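Peer 1: Could you look at this predicted model? Sequence included:
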Amino acid sequence: MIKKFIIFVSILIANFAFSQDQEATILFNDGSSIEGFGSLSKNKIYFRASLDDKADSWSYDMVKGITFLGFESSVKYEYVSLDEFSKPEPQLLEVVEEGNVILYARIRESYMGASFNSNGFNVKSTRIVTNNIVSYRSGRENVTTDIYVKRANEKYPLSLNSSFYKRAVKYFSDCDVLSKKID
């Protein structure tokens, strides 16, 4: 058992030690941008101009977002204020689609954990959601998805996570084509 634990910890350390940031462009609130290498963790952007530099932590007070550049596509994240009560601090959301209405997604990893009683019987599974930010396009199975929509003139996005049909019909009532598709 101890041998398996040591191997697991070694693999975990090697994974973090040798991982590199992805090519990215950081977007500042003043409209400027810088190309370099970035990563996301717990609602923060970590960015460095070159791989030789030390990564700096950036948050919503200076940065609008970050765009990761991939082989065939790019993935954009922006800081968005969800509402003034439950999440007063802007959250990093993936921009899935931009247009008259912006579609945002927040994808978080989740996994099943098990807990045992004192006798070792009655195993019950619990779902644990981590704060790791995962791309909407990642195709991972164990994720929790929150969907938001926002027009340019709106201060806060609308969550479509509960009562999707009812909220979507009301929100897109001014668009006949989309209303028909929802029906």
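Peer 2: All right, it came through fine. Residues are numbered from 1 along each chain as shown.

Peer 1: would residue 67 count as being in a strand?
Peer 2: Yes - Residue 67: assigned to a strand according to DSSP: H, G, I helix; E, B strand; the rest coil.

Peer 1: hey, where'd the strands end up in this structure?
Peer 2: Applying DSSP state E to the chain gives strands spanning 22-28, 33-41, 44-48, 56-58, 63-69, 74-80, 91-97, 101-115, 124-133, 143-151, 158-159.

Peer 1: Save the ones you listed as JSON lines, and put in mean neighbour count too.
Peer 2: Just so you know, the C-beta spots here come from the backbone N, C-alpha and C atoms, and that holds for glycine as well. Formatted as JSON lines, those follow (neighbours: other CB atoms under 10 Å):
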{"stretch": "strand 22-28", "mean neighbour count": "18"}
{"stretch": "strand 33-41", "mean neighbour count": "17"}
{"stretch": "strand 44-48", "mean neighbour count": "19"}
{"stretch": "strand 56-58", "mean neighbour count": "13"}
{"stretch": "strand 63-69", "mean neighbour count": "19"}
{"stretch": "strand 74-80", "mean neighbour count": "19"}
{"stretch": "strand 91-97", "mean neighbour count": "19"}
{"stretch": "strand 101-115", "mean neighbour count": "16"}
{"stretch": "strand 124-133", "mean neighbour count": "12"}
{"stretch": "strand 143-151", "mean neighbour count": "16"}
{"stretch": "strand 158-159", "mean neighbour count": "18"}
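
Peer 1: would TSV of those strands with mean pLDDT be doable?
Peer 2: Shown next, in TSV, are the strands of the chain (pLDDT from 0 to 100):
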stretch	mean pLDDT
strand 22-28	93
strand 33-41	91
strand 44-48	92
strand 56-58	91
strand 63-69	93
strand 74-80	92
strand 91-97	90
strand 101-115	70
strand 124-133	47
strand 143-151	84
strand 158-159	88
